[in-house]
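Novice: Got a predicted structure here, sequence first:
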Amino acid sequence: MAISRDVALPLAMIGLFVFVTLGAGGIKSNVVVLGADQFKLPEQAKQQESFFNFFYWCINIGATVAFLFLTNVALYGLEIGGDVWVPERFGFFASFAIPTTAFVIALILFVAGKRWYVMRPPEGSAVIGFLQTISRASMRELCAQGGMLLAACILLSTSFIILVASFFVSDSDTHSGLAISGLGMIFVGMVLLIGAGTDGGKWVLSPASSNPSLEQRVGETDAAAVVRVLPVAACVIVFWMIYIQMSTTFLLQGLQMDLKIGDTELSPATLNVFDSLAIMILIPIVDRGLYPCLERLGLPLGMLQKIGIGFGFAAASVAVAGIVEIERKHAAMLPLGANATATCGGDGGKPLPMSELSIWWQTPQYVLIGFGEIFAAITCYELFYATVPAHMRSVCQSINLLCTAFGSLAAGGLTSACAAWLPNNLNQGHLEYLYFTLAGIMAVNIAIFAVVGPRFAAQLAQQEQVAPEPPPFEPLLSVRDSVGPGVRMSYSGLDRLSGQRRSGSALSERHKTGDLASSGGLAEPLVTPVADSEAGGSSDKV
């Protein structure tokens with residue numbers, strides 16, 4: 001029985017904007033943390049770093065299956081050996097039903113293995129505790145950095161509402177006004193985030209003279225560590241502005257290129273698979289070949305260096321796309337009828353002119369984005385895990401996801417602001433200007449990151465300076481509150497920022513002390529309580 005449009009459309013909107021949003025938010029911010037928590041540190045630090053690479057590798061396997069298989073099922077149904085398994089009219093239903101079935105199987109397998117997982121016990125809402133701590137610190141003597149953080153949150157939240165609303169406005173002037181306003185708010189919010197984290201979050205910590213309680217001190221240390229990563233997060237937003245071009249302007253560009261390969265006409269969206277294939281091929285090479293080779297040569301890459309390299313590849317991608325666009329417009333046009341034009345209709349009902357330049361010339365810009373993801377996107381997962389307290393890792397992974405969201409919104413705002421360059425017929429516009437603008441924005445972003453990154457590393461180094469051993473505390477219910485000598489700290493995020501590794505014995509000796517940093521916070525958030533040796537217990541990772 002067919003479902004009427006009046007029923008189907010609301011169901012689709014609920015599925016997309018409610019269930020997909022809740023599902024993706026719940027999974028993505030926690031699955032990478034759960035996976036990384038399975039490794040015993042410092043002994044398995046190398047394996048944990050590889051986990052982040054192959055986690056992203058698995059994501060791209062799914063993306064490749066979606067682009068190559070599910071999209072074709074949606075459009076054409078499924079035929080195997082001359083037998084029709086899925087009629088074309090049920091193609092979209094099947095394209096959703098197949099991954100749903102796979103997800104159910106994956107969920108069963110995931111739950112079945114639960115008893116073997118290393119899991120931290122739930123400790124309440126980290127977000128609420130973080131907001132309470134930040135609010136209290138901001139009100140303390142009306143701290144300037146606290147005001148910046150509050151203003152940034154207000155501006156970014158408002159920009160989200162404005163930019164989403166702009167996509168539903170039909171009047172071009174109103175749409176452009178909203179888009180430009182939202183884009184400006186995002187850029188100002190990014191600057192304020194950098195300002196809020198300039199001092200490494202020290203403004204969050206209560207002065208020693210106020211004699212903060214142990215619970216308050218730990219909560220403030222957690223919040224300060226999150227504030228410390230905000231300047232890096234602000235820079236990451238620009239990377240995602242460029243990344244989203246694969247799903248927007250790269251497609252528009254491809255629509256007016258020669259889509260024919262023999263008798264087959266490609267969809268421009270097909271080239272997205274080159275990004276995924278490049279990542280699938282290169283991740284094992286980079287993880288097992290390039291990184292170990294650089295370490296043997298005494299040139300290890302730290303997390304910040306990798307992110308900076310990824311930013312460079314992203315800038316190169318849009319620069320190359322701009323050059324391709326110039327060449328596309330200079331190339332001769334295909335005669336009408338020489339190429340399928342149904343995909344490219346839209347200029348007042350007339351088919352759009354298509355260049356003789358083959359769509360394969362877009363391959364380099366997709367591959368360069370893939371390189372950028374390997375160095376920047378993957379490393380962000382690791383950075384937002386390794387340099388923050390264990391209690392705040394899911395929160396920071398959520399911040400990492402928000403960078404993706406605001407990057408996409410900013411890209412949409414920039415595209416709307418540059419609408420004059422992007423008419424329906426790109427031959428009459430200047431898409432290359434948009435690409436070169438993005439490359440310029442990334443160049444400025446790299447310059448800012450060159451200042452933000454080393455400052456972040458220096459702040460982390462200061463945080464990890466070891467002070468005299470504190471007096472032992474009475475055992476408390478929360479693992480996070482146990483900061484006495486019977487606690488092992490996690491592998492230092494500073495070592496991974498620099499790419500340097502200390503000897504395992506030195507790390508283990510330091511980790512067993514449970515020392516506090518000179519700033520009054522934890523040297524590194526604790527993740528593993530060590531059972532009392534007199535009780536004969538073995539150590540268990542939480």
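Specialist: Thanks, I have it.

Novice: In stretch 60-69, which residues are buried?
Specialist: Using 16 or more other CB atoms under 10 Å as the test for burial, stretch 60-69 gives N60, A63, T64, V65, A66, F67. C-beta coordinates here come from the backbone N, C-alpha and C atoms, glycine included.

Novice: tell me which of the residues you listed is nearest to I374?
Specialist: Nearest to I374 out of the buried residues of stretch 60-69 is N60 (CB to CB; 10.0 Å).

Novice: Could you pull up the residues touching the closest one?
Specialist: By CB atoms under 8 Å, 6 or more residues apart in numbering, the contact set of N60 is D275, S276, I279, M280.

Novice: quick one, longest helix in the chain?
Specialist: Longest helix of the chain, by residue count under DSSP state H: helix 431-463.

Novice: Give me the helices and strands touching that one, please.
Specialist: The contact analysis (3 or more CB pairs under 8 Å, 6 or more residues apart in numbering; DSSP states H and E) places helix 431-463 against helix 214-243, helix 249-255, helix 303-330, helix 393-417, helix 493-498.

Novice: same thing but at 6 Å, please
Specialist: When contacts are defined as 3 or more CB pairs under 6 Å, 6 or more residues apart in numbering; DSSP states H and E, helix 431-463 packs onto helix 214-243, helix 303-330, helix 493-498.

Novice: Now render those helices as a markdown table, adding mean pLDDT and mean neighbour count.
Specialist: Supplementary listing: those in a markdown table, determined by pLDDT from 0 to 100; neighbours: other CB atoms under 10 Å:
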| stretch | mean pLDDT | mean neighbour count |
| --- | --- | --- |
| helix 214-243 | 92 | 24 |
| helix 303-330 | 96 | 22 |
| helix 493-498 | 63 | 20 |
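
Novice: Could you break this protein into its assigned domains?
Specialist: Domain assignment for the chain by automatic domain parsing gives 10-119, 126-463, 465-542.

Novice: name the helices or strands packed onto the helix or strand containing T133?
Specialist: Counting by DSSP states H and E, the element that carries T133 is helix 126-139. If you count contacts as 3+ CB pairs under 6 Å, 6+ apart, helix 126-139 packs onto helix 214-243.

Novice: where along the stretch 251-400 of the chain do the helices fall?
Specialist: Ranges of helices in the stretch 251-400 of the chain, per DSSP state H, counting those that start in this stretch, are 272-285, 291-296, 303-330, 363-372, 378-386, 393-417.

Novice: where does L68 sit relative to A97, distance-wise?
Specialist: According to CB to CB, to the nearest Å, L68 stands 18 Å off from A97.

Novice: cool, and Q365?
Specialist: Q365 is 34 Å from A97, by CB to CB.

Novice: okay, those two: which has more neighbours?
Specialist: Neighbours per residue (other CB atoms under 10 Å) separate Q365 from A97, with Q365 holding more: 28 against 13.

Novice: residues contacting the more buried one?
Specialist: Counting by CB atoms under 6 Å, 6 or more residues apart in numbering, Q365 makes contact with S317, V320, A321.

Novice: Recalculate using a threshold of 10 Å.
Specialist: Neighbouring residues of Q365 by CB atoms under 10 Å, 6 or more residues apart in numbering: 242, 245-246, 250, 253, 271, 274-275, 316-325, 435.

Novice: again with I399
Specialist: Residues near I399 by CB under 10 Å, 6+ apart: S29, L193, V226, V229, L230, V232, A233, V236, C380, F384, V388, M392.

Novice: secondary structure element for the second one?
Specialist: If I follow you right, that is L193. L193 belongs to helix 172-196, assigned by DSSP H and E.

Novice: Which neighbouring elements make contact with that helix?
Specialist: helix 144-166, helix 214-243, helix 393-417, helix 431-463 (3 or more CB pairs under 10 Å, 6 or more residues apart in numbering; DSSP states H and E).

Novice: switch to 7 Å and redo it
Specialist: In terms of contacts (3 or more CB pairs under 7 Å, 6 or more residues apart in numbering; DSSP states H and E), helix 172-196 is packed against helix 144-166, helix 214-243, helix 393-417.

Novice: Among the ones you listed, which comes closest to F103?
Specialist: With CB to CB as the measure, helix 393-417 is the member of these nearest F103 (19.1 Å).

Novice: rewinding a little: what residues sit buried inside the longest helix of the chain?
Specialist: So for helix 431-463, counting by 16+ other CB under 10 Å, buried means 431-432, 434-439, 441-442, 445-446, 448-449, 452-453, 455-457, 459-460, 463.

Novice: What of stretch 123-132?
Specialist: Here stretch 123-132 shows A126, G129, F130 as buried, counting by 16+ other CB under 10 Å.

Novice: With only the CA atoms kept, save that stretch in PDB.
Specialist: Output in PDB follows, covering the C-alpha atoms of stretch 123-132 (Å, rounded to 0.1, in the frame of the first residue of the first chain):
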ATOM      1  CA  GLU A 123      29.500   9.400  36.300                       C
ATOM      2  CA  GLY A 124      26.600  11.800  35.500                       C
ATOM      3  CA  SER A 125      26.400  14.500  32.900                       C
ATOM      4  CA  ALA A 126      29.800  15.900  32.000                       C
ATOM      5  CA  VAL A 127      28.200  18.600  30.000                       C
ATOM      6  CA  ILE A 128      26.100  19.900  33.000                       C
ATOM      7  CA  GLY A 129      29.200  19.900  35.200                       C
ATOM      8  CA  PHE A 130      31.300  21.600  32.600                       C
ATOM      9  CA  LEU A 131      28.600  24.400  32.100                       C
ATOM     10  CA  GLN A 132      28.300  24.900  35.900                       C
END
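
Novice: quick one: average pLDDT of that stretch?
Specialist: Average pLDDT, stretch 123-132: 79.

Novice: Could you look up the SS state of T198?
Specialist: Following DSSP: H, G, I helix; E, B strand; the rest coil, we place T198 in the coil state.

Novice: By mean pLDDT, flag the weakest helix or strand of this protein.
Specialist: None of the helices or strands of the chain scores lower by mean pLDDT, DSSP states H and E than strand 487-489, at a mean of 33.

Novice: Pull up the distance across stretch 73-92, start to finish.
Specialist: Between the opening and closing residues of stretch 73-92 there is a gap of 7 Å (CA to CA, to the nearest Å).

Novice: Local confidence estimate at F103?
Specialist: For F103, the predicted pLDDT is 91.

Novice: Against F19, how distant is it?
Specialist: Plainly put, F103 is 12 Å away from F19 if you go by CB to CB.

Novice: Return the angle between stretch directions for the longest helix of the chain and helix 214-243.
Specialist: Comparing the axes of helix 431-463 and helix 214-243 via axes from the mean of the first three to the mean of the last three CA atoms, to 10 degrees yields an angle of 160 degrees.

Novice: rewinding a little: return the item of the buried residues of stretch 60-69 having minimum pLDDT.
Specialist: In terms of pLDDT, F67 ranks lowest among the buried residues of stretch 60-69, with 80.

Novice: Is L178 in contact with S166, as I believe?
Specialist: Yes: using CB atoms under 7 Å, L178 is in contact with S166, at 3.7 Å.

Novice: C153: which of the helices of the stretch 251-400 of the chain is closest?
Specialist: Proximity to C153 (CB to CB) singles out helix 393-417 among the helices of the stretch 251-400 of the chain, at 10.7 Å.

Novice: List the buried residues of that closest one.
Specialist: Buried, per 16+ other CB under 10 Å, within helix 393-417: 393-400, 402-404, 406-417.

Novice: likewise stretch 251-265?
Specialist: By neighbour count on 16+ other CB under 10 Å, the buried set for stretch 251-265 is L251, L252, Q253, G254, L255, Q256, M257, D258, L259, K260.
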